[in-house]
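Visitor: Okay, sequence plus prediction incoming.
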Amino acid sequence: MTPEEHEEKRRRLEADVADAKKTLNRARSVYDGICEELRNLRIDWNEQRNAKPITEQ
């Protein structure tokens, strides 16, 4: 491998790493949002089930 080939491959790999890191961060953000929605759904459902029915007057 020539120094030029090495440099070209290194640059490509560094660009791939940067792209992968951005993708990973976006995926983490989406995952965190979905987990929060699921958590809130569970909380809301439990609160609804545990609420005492209002008696009619």
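Guide: Yep, it's here.
Visitor: for the record, mean pLDDT for stretch 25-42?
Guide: Computed over stretch 25-42, the mean pLDDT rounds to 99.
Visitor: any idea how far that stretch is from the chain center?
Guide: 6 Å (Cα atoms, centre = their mean, to the nearest Å).
Visitor: One more: stretch 40-57?
Guide: Relative to where its chain is centred, stretch 40-57 has its mean C-alpha point 30 Å off (Cα atoms, centre = their mean).
Visitor: same thing with stretch 11-29?
Guide: Averaging C-alpha positions (Cα atoms, centre = their mean) puts stretch 11-29 14 Å from its chain's average.
Visitor: 830 is where my numbering starts, stick with that
Guide: Okay, residue one is now 830; in that scheme the one you just asked about reads as stretch 840-858.
Visitor: Dump that stretch to CSV, restricted to CA.
Guide: Taking C-alpha atoms only, stretch 840-858 is exported to CSV below (Å, rounded to 0.1, in the frame of the first residue of the first chain):
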residue,chain,number,x,y,z
ARG,A,840,-9.9,9.6,5.0
ARG,A,841,-12.7,7.3,3.8
LEU,A,842,-12.8,5.5,7.1
GLU,A,843,-12.9,8.7,9.1
ALA,A,844,-15.8,9.9,7.0
ASP,A,845,-17.6,6.6,7.5
VAL,A,846,-17.0,6.9,11.3
ALA,A,847,-18.4,10.4,11.3
ASP,A,848,-21.5,9.3,9.4
ALA,A,849,-22.0,6.3,11.6
LYS,A,850,-21.8,8.4,14.7
LYS,A,851,-24.4,10.8,13.4
THR,A,852,-26.7,7.9,12.6
LEU,A,853,-26.1,6.4,16.0
ASN,A,854,-27.0,9.7,17.7
ARG,A,855,-30.2,10.0,15.7
ALA,A,856,-31.1,6.4,16.5
ARG,A,857,-30.5,7.0,20.2
SER,A,858,-32.7,10.1,20.1
